[in-house]
Structures are given as structure tokens and as C-alpha cells.
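In: please find the sequence and the predicted model below.
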Amino acid sequence: MKARRFFGIVAVIFLFAFLTGCAGTPVRDPVKVDLKIPVGNIEGNQFTGLRYPFKVSAPPNWKMATEYPNFMIDLGYHKEGLEESEVFLFNPQTQSNMQIDFTPAGRYSTFDQEKMESLVNSVTGEVEDEVKEHFGKDVKITNGPTERVSLKGVPFAAKKYSTFKVEGQTREQGWLYAFTEPYQIFILYLVMEKDAEKDRQAIRQVLDSFEYIPPAKK
């Protein structure tokens, strides 16, 4: 089980995916990840993964790093979960941010678009519970629709988000779950109220730039 993340979203999705595919005939060989390999390189505004084969670009006025910015802890993220993500993209002025994490899929787990959408929708209650735990029981939460997402090189992806106010400021917390053989992909993002529309556009640019590049067959 992966460490507990922001609002437990990734841990819950990961558990559900595991439980729904832990019997029958294996559909893939075990995936071994060499943790001694650096997560990737950043050149200019582009990250190129070495541990996992993907690339992604940061939009103007955003930064990227392979270590989480300290302000994310103050926003409610769990350090243990942050340390597992491969790359972080963020607006240093508004503190809107995104993190991307890859995890090998289990030998028995199967995936399709319907399952992606079902899983991201299934953790809505978990998000609500943890928002209230972190920020108070009186916080009002509005849930957005479950959406299909298009990522280059990724056949199945879905996302959902919730909005709520903390100290009078609106936040949009979104989570995206995707699969491309043989990896599960988790993307979490947070849009803060300041320049929210510009940051939403920036996050769309990040997702548009994302590309999974399958390793060359030997």
C-alpha cells in the first residue's frame, strides 16, 4: 500500500484498483522499478522521466521540480506522499500546483475507461471527509463532474474535482487516475483562488503537454 497522500485520494484509488483485480490469471509480468535511477531531468520548462518513460512541460510563470515545494505542506499535503511523486509543477505566486506519480500495476489488475471513471468518482466521499477533518466540519464542498481525460500515449484516464473555501478563499482540489501498460498514473492538482482561471488554463496546458513514451521493445 502506498503512503497516505493528500486527503488519502491516491491511497484509496490504489486500494480499490488492487482489490478489483487480485484473482484469476495474471495479465502481465511483475514490473520491477530500479529506484536507484534518478526520477528524471529538467531542462528549461520540460521534465523528461528516467525512472518512468514520460515527459511533461511547465507553462509560463510556473516552475517544476523533482522535490516538493515547502508550501505544499502548509496547504495540507502529507510529506510521505509528496516524497513518492516524480515531479511537481507549481505557480510560486499563487501556490496552485500539480504532482505526478507513476506506480506499476499489479499482475492481475485490468483496466478500462469505465473503471477509471468509477474509481475517481468512488473517492468523493473520502475527499469530503478529509476536507472536513483538515479544515472543519462546517466547510461546504461542491463536487465537479467525473470527466474523461485525453493524455498522449495513455488509453484510459479520468478526473474529478471538489471545490471548497478555506479562510474565505476558494480551492479546487482535483485528482486524475490513468493507466497505460504497465503503469498506473496519479495526478493531483490544486487551484487556489488568486488568478484561478489562469491557473486552470495552465493545468490544462500541463495535461496537454504530458506524453507517455513506451520503451523500445528489445
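Out: That came in fine, so what should we check first? Remember, predicted model here, so these are calculated numbers, not experimental data.
In: just give me the residue closest to the centre of this protein.
Out: residue 187 (1.3 Å; CA atoms, centre = their mean).
In: let's verify the nearest residue in space to it that is not next to it in sequence: helix, strand, or coil?
Out: In space, residue 187 comes closest to residue 176 once its chain neighbours are excluded; the distance is 4.0 Å by CB to CB, 6 or more residues apart in numbering. Heads up, the C-betas are built off the backbone N, CA and C, glycines and all. Following DSSP: H, G, I helix; E, B strand; the rest coil, we place residue 176 in the strand state.
In: tell me the buried residues in stretch 202-216?
Out: 202-203, 205-207, 209-210, 212 (16 or more other CB atoms under 10 Å).
In: look up how far residue 126 lies from residue 74.
Out: 22 Å (CB to CB, to the nearest Å).
In: residue 142 now?
Out: Distance of residue 142 to residue 126, computed by CB to CB: 16 Å.
In: and for residue 77?
Out: Residue 77 is 15 Å from residue 126, where distance means CB to CB.
In: look at the two and report which has more neighbours.
Out: Under the criterion of other CB atoms under 10 Å, the comparison of residue 77 against residue 126 puts residue 77 first, with 20 against 15.
In: residues in contact with the longest helix along the chain: which ones?
Out: When the chain is parsed with DSSP state H, its longest helix is helix 196-209. With CB atoms under 8 Å, 6 or more residues apart in numbering as the test, helix 196-209 has contacts from 55-59, 61-62, 89, 91, 94, 96, 98, 149, 151, 170, 172, 174, 176, 187, 189, 191-192.
In: mean confidence for that helix?
Out: Averaged over helix 196-209, pLDDT sits at 97.
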